[in-house]
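Undergrad: Predicted model and sequence below, questions to follow.
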Amino acid sequence: MSRPSATESISEHQSDASVDTPQEGAARLDRARPIPRISIQAFCEDNSTTDVLQVAAEDRRLAKTHVSIHMGGAEAAVAHYRENPTPNLIIIESTLPRDELVAELDRLAECCDAGTRVLVIGHLNDVVLYREVLKRGVSEYLVAPVSPLQLMEALSNIYNDPNSAPVGNVIAFIGAKGGVGSSTICHNTAWMLSEHLKANVVVADLDLAFGTTGLDFNQDPVQGIAEALQSPERLDEVLLDRLLTKCSQHLSIFAAPVVLDRDYEISPDACDVVLDVVRQQVPYVAVDLPHVWTPWVKRVLLQADEVVITAAPDLANLRNAKNIMDLVKSARNNDAPPRLVLNTVGMPKRPEIAVKEFAQALGIDPIQVIEFDSENFGQAANNGQMIAEFSTKAKSSAQFREMAMLLAHRREMKASKPVKQSVGGLTPLLQKLKLKR
């Protein structure tokens, strides 16, 4: 972060979080990276700052941290740490004048253990104060009021080098129902990310017993993701390179073993460790989740950077998609809602819910509506090819390219009109399933 000149205010370098545009908010989300496993203790003076800290503490980017919030500001912090060890990070909110705040920070420094970092939220937009606190080793000074996104970005910059390559984005794909084509959507989108953007991508197949990643990419790997999940503490860059199967210049797969002679017990913590190691090595990790509901599946969904739900246009898919979407949205207030893909639309002789009504019931428009195309998809699967490899003229080939661009945030998503909550002819069915809003 550049230092302000004597004639500048801090707010000229720290954008006002209270007036973030949607684009600025999205940019903050992109810059806010996961925080490592640290302890954070905050001492606030204002209830609104306490609320901001509470919202930030519940965000997925701080999932590994332990956050405790106290009142009393700098004075309370000094009194507390005279008797207790300091955590990895202390957040101090202060409404004190410049000289008094600097004096409190000097007293706090006498109590701090080596390695403890301090972030100050002040109510003075004062360049001299800013320089004084930084001179005393404070990691960052933010001017109140702050937003949860601004705070998370600041924390991320303290523990992640802003100039280094960001950790990779995890994109989780899950089907609203078994057999709706979530794996096909995942694999084709990942392939398009690697080919169209020339970005390194890893497809992680977490359907250990029945995964199709090896078949879809015409590979027969000897080792894969099961070995990593069994001993996650051993996984490093060298071992990861041995376990990945390279499919093309930019695409590798973390294949499932697909054998039934053993039971698969996956822990949420093992998934966290494995995906963290993978995302440190590549820009994009496409996670192919099975249609099951376990603690580790829920953890992966809630911790992913993007969630893509694939559904077919029928009632069971509508119910399940709504349940998944409601859960993810309620747990990820600072993230974009899950993306919806409607697949196999227009299958002959199958009664279907119209796309418009499906979208209205969920309150979200699908990012793609992929038509039923048994010839192209079936032949591509039999050949171990992606759709764009088998037929560049297929309509779905362009759709996968658009989807890859959207998930990579390489283009602005077209503004869509708000979906009305009325669901017309679906009302009786939704009432039956207790889906009526």
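TA: Yes, it's here.
Undergrad: Give me the contacts around stretch 173-182.
TA: Identification of contacts with stretch 173-182 by CB atoms under 8 Å, 6 or more residues apart in numbering yields 183, 185-186, 189, 286-289, 291, 297, 301, 307-312, 316-318, 320-321, 324, 343-344, 370, 377. From N, CA and C alone the C-beta is placed, and that goes for glycine too.
Undergrad: could you redo the last one with a cut-off of 6 Å?
TA: Residues from elsewhere that reach stretch 173-182, judged by CB atoms under 6 Å, 6 or more residues apart in numbering: 186, 288-289, 291, 308-312, 316-317, 320-321, 343.
Undergrad: Regarding it, how distant is the last residue from the first?
TA: Using CA to CA, to the nearest Å, one end of stretch 173-182 lies 6 Å from the other.
Undergrad: from the chain's centre, how far out does that stretch sit?
TA: The offset between the C-alpha centroid of stretch 173-182 and the centroid of the whole chain comes to 20 Å, using CA atoms, centre = their mean, to the nearest Å.
Undergrad: What average pLDDT does it get?
TA: If you average the pLDDT over stretch 173-182, you get 96.
Undergrad: Tell me the buried residues in it?
TA: Burial within stretch 173-182, assessed by neighbour count using 16 or more other CB atoms under 10 Å, is assigned to Phe173, Ile174, Gly175, Ala176, Lys177, Val180, Gly181, Ser182.
Undergrad: what do you get for stretch 390-409?
TA: 390-391, 394, 396-397, 399-401, 403-409.
Undergrad: what helix or strand is Ile90 on?
TA: Of the helices and strands defined by DSSP states H and E, Ile90 is found in strand 89-94.
Undergrad: neighbouring contacts of that strand?
TA: Applying CB under 6 Å, 6+ apart, the set of residues contacting strand 89-94 from outside is 40-45, 49, 73-74, 77, 101, 117-122.
Undergrad: Which members of these are positioned in strands?
TA: Cross-referencing the contacts of strand 89-94 with the strands (criterion: DSSP state E) gives Ile40, Gln41, Ala42, Phe43, Cys44, Arg117, Val118, Leu119, Val120, Ile121, Gly122 as the overlap.
Undergrad: Closest to Thr213 out of those residues?
TA: Ile40 (38.1 Å; CB to CB).
Undergrad: Could you list the low-confidence segments of the stretch 51-200 of the chain?
TA: The model of the stretch 51-200 of the chain has pLDDT under 70 over residues 161-166.
Undergrad: For it, which segments count as strands?
TA: Under the criterion DSSP state E, counting those that start in this stretch, strands of the stretch 51-200 of the chain are mapped to 66-71, 89-94, 117-122, 140-143, 169-175.
Undergrad: how about TSV for those, with distance to Asp207 added?
TA: Listed next are the strands of the stretch 51-200 of the chain as TSV, based on distance: least, CB to CB, whole Å:
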stretch	distance to Asp207
strand 66-71	33
strand 89-94	38
strand 117-122	41
strand 140-143	42
strand 169-175	10
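Undergrad: Export the contacts of stretch 173-182 as TSV, with columns for neighbour count.
TA: Written out in TSV, the entries for the contacts of stretch 173-182 read as follows (neighbours: other CB atoms under 10 Å):
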residue	neighbour count
Cys186	27
Asp288	27
Leu289	24
His291	17
Val308	26
Ile309	29
Thr310	28
Ala311	31
Ala312	24
Ala316	13
Asn317	21
Asn320	20
Ala321	26
Asn343	25
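Undergrad: what pLDDT does the residue nearest the centre of the chain get?
TA: Relative to the mean C-alpha position of the chain, the nearest C-alpha, by CA atoms, centre = their mean, is the one of Asp305, at 1.8 Å. With respect to pLDDT, Asp305 has a value of 92.
Undergrad: With Val274 instead?
TA: At Val274, the model reports a pLDDT of 94.
Undergrad: How about the contacts made by it?
TA: Per CB under 6 Å, 6+ apart, neighbours of Val274: Ala228, Leu229, Pro232.
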